[in-house]
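# Here you go, sequence then predicted model.
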Amino acid sequence: MAADQFAPRTLMKKNKKGLKLGGMGPEASNSPLAAKPDKRDSVVDTLQVGVEYQLQLNHEDFQVLHELGSGNGGTVSKVIFEQDRRQIVMARKVIHIEAKPAVRKQIIRELQIMYECHSPYIVSFYGAYKHDKDVIMCMEFMEPGSLDYIAKVMGSLDVQYLRVIADSVLKGLVYLYDTHKIMHRDIKPSNILMNSRGQIKLCDFGVSGELVNSIADTFVGTSTYMSPERIQGGKYTVKSDVWSFGLTLMELALGRFPFGGDADGSGDKRASSGPMGILDLLQSIVNEPAPKLDKDKYPAELSDFCDKCLAKDPEERLSPKELLDHPLIQLDLPVDVEQWAEDIINTAAAKKAAQNGQPPPPPRIRDHSQPTIPTVGSQRKQKA
Ligand SMILES: Nc1ncnc2c1ncn2[C@@H]1O[C@H](COP(=O)(O)OP(=O)(O)OP(=O)(O)O)[C@@H](O)[C@H]1O
Ligand SMILES: [Mg+2]
């Protein structure tokens, strides 16, 4: 397939091919309640389907609980959306776009593709709207949250957890690529999230070219998770996402960013800091051999998986589909993912209380009346 098929796409392009926005009912949707975009935007209005489960996202219907974090261009908050006596907790990302109103409108239009993403491996989308100079995206609230946060709370992760993460991320990438012809383009720990049911999902993929351009106009969009070929301005393929994921997985195993640390592994914990400046770091990613996990300390399946992701030549790197057959994914290491999520939430709460000099709060106990999702280890024969 030609590479440009995978460029960030717009809905206009998609509609030219005669495709419609899919069913919006909860059965058809990955979202608990699929959302409808802001009525004030007439273009978006015409794209609405499925009356019964639509949400009309009005700015005044949100109550901000607290900030979850911010990155290049966006600030994410936990919010409650309340309408018709119905309350939904969401994560809301506010992206300030200093551009002509037409640009913001175009971004909202492009983000509509997210309505069509229905996968257990992709963060659900409630909708997007404009507010003043902001583009606002509403999505599933994920607690405990992103993998960088989880690593901060739990430290380095053992192979059984890394296997679950790898399985979910690969299935998410395969879904985006096969179903929507989308490459992620920004795989890193902060863009991989876990919810309270222990599901691991991808967010912030490059669905809107206009959004990517607008953020790049304001911020230096260089990520240390970029593959060597991308740093060098080469062609972006789904294998570039694989490189970024290999680095992410290795970071979660080591408890530090794999490049640029001290030789004994006790060096800086963050990609953005440390003895190396960003340019040195990018140079070493391009010029130095890829990092390797110590075979004496880590299971062979894990170190081989990372090697396969971190082949410097993209031709030699495996694709997400090929990696799903890797021995790491086939390992019989069942994990009760819901229990895992609960442990992370409780550990985070206890650490926060200790920092504030308070006694640990009572642990949050899983509601066993709710249907649980199966243990991930027992699902390993299923492919995305
Ligand atoms: N759906 C969500 N549920 C819960 N927390 C979220 C959600 N989306 C994002 N976050 C949190 O908000 C933080 C900020 O996210 P944001 O996407 O703005 O920046 P980032 O991913 O850290 O960096 P960058 O902007 O460089 O991609 C994340 O690190 C994550 O911890
Ligand atoms: Mg992000």
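Yes, it's here. Numbering: from 1, shown residues only. Ligands and ions are numbered 1, 2, ... in the order given.
# Which residues of this protein lie near ligand 2?
Taking Cβ under 5 Å from the ion as the measure of proximity, the chain contacts ligand 2 at Ser190, Asn191, Asp204. C-betas here are computed from N, CA, C, even on glycine.
# Could you pull out the buried residues of stretch 292-306?
The neighbour-count check on stretch 292-306 (16 or more other Cβ atoms under 10 Å) flags Leu293, Tyr298, Pro299, Glu301, Leu302, Ser303, Asp304, Phe305, Cys306 as buried.
# What is the subsequent helix or strand relative to the host helix or strand of the last one?
Looking back up the chat, that one is Cys306. Following DSSP states H and E, one finds Cys306 within helix 300-309. Past helix 300-309, further along toward the C-terminus, the next helix or strand under DSSP H and E is helix 320-323.
# tell me which strands and helices that following helix is in contact with?
Helices and strands touching helix 320-323, as assessed by 3 or more Cβ pairs under 8 Å, 6 or more residues apart in numbering; DSSP states H and E, comprise helix 159-180, helix 238-254, helix 300-309.
# Mean neighbour count, the ones you listed: which tops it?
Most buried of the helices and strands packed on helix 320-323, by mean neighbour count (mean count of other Cβ atoms under 10 Å): helix 238-254, with a mean of 25.
# now the angle from that one to helix 300-309?
Using axes from the mean of the first three to the mean of the last three Cα atoms, to 10 degrees, one finds that helix 238-254 and helix 300-309 are set 140 degrees apart in direction.
# what's the distance between the nearest residue to Pro299 once chain neighbours are set aside and Tyr236?
Closest residue to Pro299 in three dimensions, ignoring its sequence neighbours and counting by Cβ to Cβ, 6 or more residues apart in numbering: Val159, at 5.0 Å. Here Val159 is placed at a distance of 30 Å from Tyr236 (Cβ to Cβ, to the nearest Å).
# likewise Val89?
From Val89 to Tyr236 the distance is 35 Å (Cβ to Cβ).
# neighbour-wise, which of the two wins?
Taking neighbours as other Cβ atoms under 10 Å, Val89 and Tyr236 compare with Tyr236 leading, 19 against 13.
# Tell me the residue of the stretch 201-350 of the chain that sits nearest ligand 2?
Asp204 (3.9 Å; Cβ to the ion).
# what ranges of the stretch 201-350 of the chain fall below the confidence cut-off?
Residue ranges of the stretch 201-350 of the chain with pLDDT under 70: 217-222, 261-275.
# those helices in it, which residues are they?
Taking DSSP state H, counting those that start in this stretch as the criterion, the stretch 201-350 of the chain contains helices spanning 209-218, 228-231, 238-254, 278-287, 300-309, 320-323, 327-330, 337-355.
# next one: the stretch 51-200 of the chain
Assignment of helices within the stretch 51-200 of the chain using DSSP H, counting those that start in this stretch yields the ranges 101-111, 147-154, 159-180.
# what sits against the nearest residue to Ala348 once chain neighbours are set aside?
Closest residue in space to Ala348, ignoring its immediate chain neighbours: Val153 at 4.6 Å, by Cβ to Cβ, 6+ apart. By Cβ atoms under 8 Å, 6 or more residues apart in numbering, Val153 lies in contact with Pro144, Ile344, Thr347, Ala348, Lys351.
# distance of the third one from ligand 1?
Spelled out, it's Thr347. Distance of Thr347 to ligand 1, computed by Cβ to the nearest ligand atom, to the nearest Å: 16 Å.
# does any bit of stretch 164-184 sit next to ligand 1?
No. Residues of stretch 164-184 contacting ligand 1 under Cβ under 6 Å from any ligand atom: none, with a closest distance of 11.4 Å.
# From here on, call the first residue 704.
Shifting the count to begin at 704 puts that one at stretch 867-887.
# rewinding a little: can you say which of the helices of the stretch 754-903 of the chain is nearest to Ile988?
helix 850-857 (18.8 Å; Cβ to Cβ).
# Off-centre distance for the closest one?
Relative to its chain's centre, helix 850-857 lies at 14 Å (Cα atoms, centre = their mean, to the nearest Å).
# Any residue of it touching ligand 1?
Yes. Counting by Cβ under 6 Å from any ligand atom, ligand 1 is contacted by helix 850-857 at Tyr852.
# Spit out the contact partners of the closest residue in space to Met929 that isn't next to it in sequence.
Excluding the flanking residues, the one nearest Met929 by Cβ to Cβ, 6+ apart is Ser947, at 7.0 Å. Contacts for Ser947 (Cβ under 8 Å, 6+ apart) come out as His887, Asp889, Ile890, Lys891, Ser926, Tyr928, Met929, Ser930.
# distance of Ser947 from ligand 1?
From Ser947 across to ligand 1, the span is 12 Å (Cβ to the nearest ligand atom).
# do you know how far that residue is from Glu1018?
Applying Cβ to Cβ to Ser947 and Glu1018 gives a distance of 17 Å.
# That's all I had, so thanks and see you.
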